[in-house]
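In: predicted coordinates and the sequence they were generated for:
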Amino acid sequence: MQTEIIISGFGGQGVLFAGQLLAYTALDNNLHVTWIPSYGPEMRGGTAHCTVIISDEPIGSPLIRNPHAAVVMNLPSLDKYEDVVKADGVVLVNDSLIARKVKREDITAIYVPANDIAEELGSLRLANMAMIGALVTYFDLFPLETLGKSLKGHLPQRHQHLLDQNLEALQRGAAIAKANVLPA
């Protein structure tokens, strides 16, 4: 099975690291994966994004036109990617920063107060992990313990002191995905 994902937000929200974590976890578990980051002016406050494809078979193309999921951390990302998600796909919305609801009725919307969770845990840098916890739980991509093991192995040394908070953010995002899967 192949899962195609776009992760998007402002530069500095950890969008690229979230995609890297998914890619590393897939590699650590002998799956096929592509990860394509977007660099450029996005890194100076514009909308940054990356695409991730995870598959149990070889991946024919790393390009994504209509992903199964979009993880959107800000309103410009929701505006840009809501319409390209496949019918029956999912949009995970950081509703701490996005006031509007998903308009499409043929996709699932999961509203994760990612920034609120991150603030409760002591660092806004954890919002991306709340979103990824919700994503992997919704798709049953990996057990959270597997994701946590890869996080521990790939989290830069300068951020290792935040490992426990990152793991807690993953758990809280996962709990929201389990409890609040609502139609768009």
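Out: Looks like it came in fine. Values in this document were obtained by computation on a predicted structure and should not be read as measured data. Numbering: from 1, shown residues only.
In: does residue 60 count as helix, strand or coil?
Out: Secondary structure for residue 60, judged by DSSP: H, G, I helix; E, B strand; the rest coil, is coil.
In: the residue nearest the centre of the chain: what secondary structure?
Out: Centroid-nearest residue in the chain, with Cα atoms, centre = their mean: residue 132, separated by 4.0 Å. Put simply, residue 132 is helix when judged by three-state DSSP.
In: ranges for the strands of this structure?
Out: Ranges of strands within the chain are 2-10, 32-37, 47-55, 69-72, 90-94, 108-112, 182-183, based on DSSP state E.
In: buried deepest among those strands, which one?
Out: Counting by mean count of other Cβ atoms under 10 Å, strand 69-72 has the highest mean neighbour count of these, with a mean of 29. For glycine as for every other residue, the C-beta is placed from the backbone atoms N, C-alpha and C.
In: hang on, the earlier thing: give the contact list for the residue nearest to the centre of the chain.
Out: Residue 132 makes contact with 18, 21, 22, 71, 147, 170, 173, according to Cβ atoms under 8 Å, 6 or more residues apart in numbering.
In: per-residue pLDDT of it, please?
Out: pLDDT, residue 132: 98.
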